[in-house]
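Enquirer: sequence unknown, structure follows:
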Ligand SMILES: [Zn+2]
């Protein structure tokens, strides 16, 4: 190789060394991100968090754009859905590699033993809401990219990093909004990595589908002392649940996917009953309303496989309800669909998946697992709206810790993930993958 020509094989170890030198910076960046309490809902502190990322990358020569998702669910002047996109074009042409992280976190909940937004650093971990899902991953991507650019200023092609809103509530004010406006389509972008917490040795190529629906049964109100004069919506709902137990759940348990979904339990079709509300609410002192319930509502969260269609998923629930209309006197129901996402799966041999698998082998010395996620994430919008299928999730953090109290991310994991991400970006941009 001639003098002055960059040799990626010689250069990457240098990049790894520099990432190791920057571990303190990686930790402090993660802490800074956690300290923005970007809880969704309602979607707090998005703007300062996005501006913090924009300011940092702007200082590193990235062109920064802020896109507020005007009119998206939840967007208001009090809670603006602000997204940040940073773009750095190299001196020579090449593909575009995009790292996308959501900046929102789920509510705190109970059971914490550390302060959720203090970003405590202890035992080789950073603790706090969003540490694992996914501010640690976003920080790793930022440090990976910064280090790569410092080590290789002549890097061809374009790197983008985005911090986006509302992933935890469906991504409508974030990646979906941007995808609808061309931010996640060719020719602007070629490869996308989403540093969601899927464990540092796994490449996540997709996710199961989702169908959320509300079932409401109806009755007739009457005095609680004379229920025979009314008709209980709650008893009708109990009949629905009995059919779910005897017919639907056993059928779901038999359906196994070819998708490599983790954990194992999620390789089958699942349905959670998120909530059940029936009858009149108790008054403030907790005294019950002595009435027969005229309405009972249930929210179901059905997760389905690439082998199932959304139409079939819907139809099997409708069939159970319609059978009850025929079999059960005075049974009436309404079904309202709240949200649906088709399963999404990228080609495991596609450029970004195979480059990431190779980088895991090279950097970590382990055989990567190719997995699918039990829940959805923003890949669906990039795939379905952006029509960009070269998209995966890869990032530090243990999937099981997401959304839990005392969430943390391992500093060692973040460092490893940063090395892998720098390797993938370098090879894709130089078309060596
Ligand atoms: Zn996430």
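Expert: Structure's in. What do you need? Computed from a predicted model, the values in this text were never measured in an experiment. Residues are numbered from 1 along each chain as shown.
Enquirer: buried ones in the helix or strand hosting residue 17?
Expert: Mapping residue 17 onto the secondary structure by DSSP states H and E places it in helix 8-21. Residues 12, 15, 16, 18, 19 are the ones in helix 8-21 that count as buried (16 or more other CB atoms under 10 Å). Backbone N, C-alpha and C define where each C-beta goes, glycine included.
Enquirer: following that helix, which helix or strand comes up?
Expert: Sequence-wise, the next helix or strand downstream of helix 8-21 (DSSP H and E) is helix 23-34.
Enquirer: Which neighbouring elements make contact with that following helix?
Expert: helix 46-59, strand 125-127, helix 136-151, helix 411-429 (3 or more CB pairs under 8 Å, 6 or more residues apart in numbering; DSSP states H and E).
Enquirer: now the ones you listed in TSV, with mean neighbour count, distance to the ion and mean pLDDT?
Expert: Shown next, in TSV, are those (neighbours: other CB atoms under 10 Å; distance: least, CB to the ion, whole Å; pLDDT from 0 to 100):
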stretch	mean neighbour count	distance to the ion	mean pLDDT
helix 46-59	20	15	98
strand 125-127	23	16	98
helix 136-151	26	8	97
helix 411-429	26	14	98
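Enquirer: Of all these, which one comes closest to residue 367?
Expert: Nearest to residue 367 among those is helix 411-429 (13.8 Å), distances taken as CB to CB.
Enquirer: Taking their axis directions, the closest one and helix 23-34 sit at what angle?
Expert: Angle between the axes of helix 411-429 and helix 23-34 is 100 degrees (criterion: axes from the mean of the first three to the mean of the last three CA atoms, to 10 degrees).
Enquirer: Off-centre distance for helix 411-429?
Expert: How far helix 411-429 lies from its chain's middle: 20 Å, per CA atoms, centre = their mean, to the nearest Å.
Enquirer: Among the helices and strands packed on helix 23-34, which comes closest to residue 233?
Expert: helix 46-59 (39.7 Å).
Enquirer: Tell me the buried residues in the next helix or strand after that closest one?
Expert: For helix 46-59, the succeeding helix or strand toward the C-terminus, using DSSP H and E, is strand 63-68. Within strand 63-68, the residues scored as buried using 16+ other CB under 10 Å are 64, 67, 68.
Enquirer: of all the residues you listed, which comes closest to residue 138?
Expert: The shortest gap between residue 138 and any of the buried residues of strand 63-68 belongs to residue 64, at 15.4 Å (CB to CB).
Enquirer: got a list of what the closest one touches?
Expert: 54, 55, 57, 58, 84, 85, 86 (CB atoms under 8 Å, 6 or more residues apart in numbering).
Enquirer: what does residue 269 give?
Expert: Contacts for residue 269 were tallied using CB under 8 Å, 6+ apart; they are 252, 253, 255, 302, 303, 304, 305, 308.
Enquirer: Does the second one touch residue 268 like I think?
Expert: Yes: Residue 253 lies in contact with residue 268 (CB atoms under 8 Å); the separation is 5.8 Å.
Enquirer: ok, these two, which is more surrounded?
Expert: residue 268 (16 against 11; other CB atoms under 10 Å).
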